[in-house]
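# Compute the structure for the input listed below.
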Amino acid sequence: MQDQVKAARSPKRVPWNKGKLTGAKPPLRLKHVWSIRTKLQIDGRVRDLAMFNLAIDSKLRGCDVVAIRVEVIAAGGHTANRATVRQKKTGRPVRFELSEQTRQAVDDYLQATGKRPGEFLFTGHRGPERSLTTRQYARLVSEWIGSIGLDPRLFGTHSLRRTKATLIYRRTGNLRAVQLLLGHTKIESTVRYLGIEVDDALAIAEQVDV
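Predicted coordinates for the structure are as follows:
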């Protein structure tokens, strides 16, 4: 009887994914990337533009994007051409390139905020000594995507991580390069991550003579 009373009083747990579309989130198309960039520039959102560009170039998971410190990409006061981040999930370092437009966006952000080495690059409302949370980052990504007319439910932070990696694969067919850029330990993980079909793999194999 007591168990029945407790069951009646305890609130029914709501599944975390109720009302959400689950599954792999697709990458953004190139036109979507430029639409978001343009929108952020017009709105004068210096921090968000730097964060968006850095997320696209770095191909990092959200937890790694928000954990970046200033010295990782701008130890000398200006954004470097390349950087290395130790991934939280795997503990393995991964290197990435920073395009000219990303370097400019980050430099503008650093100049506007006066951030220095030792500080988190992106901070939220919790104070300058605390990084932006992954949840806050996810909300920003949804906002960026929604601002250009896309359905935020169809995309997520992994869409940004996938975007450049997918473009590189489609243009080169080089799975090993994409594996290194994503920091995957196994090429099978890269194949699954990119959603490569058997026909794609065979087309790559046909280009290699032994």
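# the longest helix in this structure is where?
Of all the segments of type helix in the chain, defined by DSSP state H, the longest one is helix 157-172.
# In this structure, mark out all the strands, start to finish.
Counting by DSSP state E, the chain has strands at residues 82-86, 93-97.
# Now tabulate the ones you listed in TSV and tack on mean neighbour count and mean pLDDT.
Every residue, glycine included, has its C-beta placed from N, CA and C. Formatted as TSV, the strands of the chain follow (neighbours: other CB atoms under 10 Å; pLDDT from 0 to 100):
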stretch	mean neighbour count	mean pLDDT
strand 82-86	15	95
strand 93-97	15	93
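# export the ones you listed to CSV and tack on distance to Asp64?
Listed next are the strands of the chain as CSV, based on distance: least, CB to CB, whole Å:
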stretch, distance to Asp64
strand 82-86, 6
strand 93-97, 8
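# pull the helix or strand with minimum mean pLDDT from the chain.
One helix or strand of the chain scores below all others by mean pLDDT, DSSP states H and E: helix 2-9, with a mean of 50.
# picking that back up, so the longest helix of the chain versus strand 93-97, what angle?
Put simply, helix 157-172 runs at 70 degrees to strand 93-97, going by axes from the mean of the first three to the mean of the last three CA atoms, to 10 degrees.
# If you count neighbours, what's buried in helix 157-172?
157-169 (16 or more other CB atoms under 10 Å).
# what does stretch 136-143 give?
So stretch 136-143, judged by 16+ other CB under 10 Å, has buried residues 136-138, 140-142.
# Next: stretch 173-183.
173, 175, 178-179, 181-183.
# Convert it to CSV, retaining C-alpha atoms only.
Extracted in CSV, the C-alpha atoms of stretch 173-183 (Å, rounded to 0.1, in the frame of the first residue of the first chain):
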residue,chain,number,x,y,z
GLY,A,173,37.8,11.1,-50.9
ASN,A,174,40.6,11.0,-48.3
LEU,A,175,39.2,9.1,-45.3
ARG,A,176,42.5,9.0,-43.5
ALA,A,177,42.9,12.8,-43.6
VAL,A,178,39.3,13.2,-42.3
GLN,A,179,40.0,10.7,-39.5
LEU,A,180,43.0,12.6,-38.4
LEU,A,181,41.2,15.9,-38.5
LEU,A,182,38.3,14.6,-36.4
GLY,A,183,40.6,12.9,-34.0
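# quick check: mean pLDDT across it?
Averaging pLDDT along stretch 173-183 gives 88.
# Likewise for stretch 162-169?
Stretch 162-169 comes out at a mean pLDDT of 91.
# distance between stretch 97-115 and the chain's centre?
Centroid separation for stretch 97-115 versus its chain: 17 Å, with CA atoms, centre = their mean, to the nearest Å.
# swap in stretch 99-118?
18 Å.
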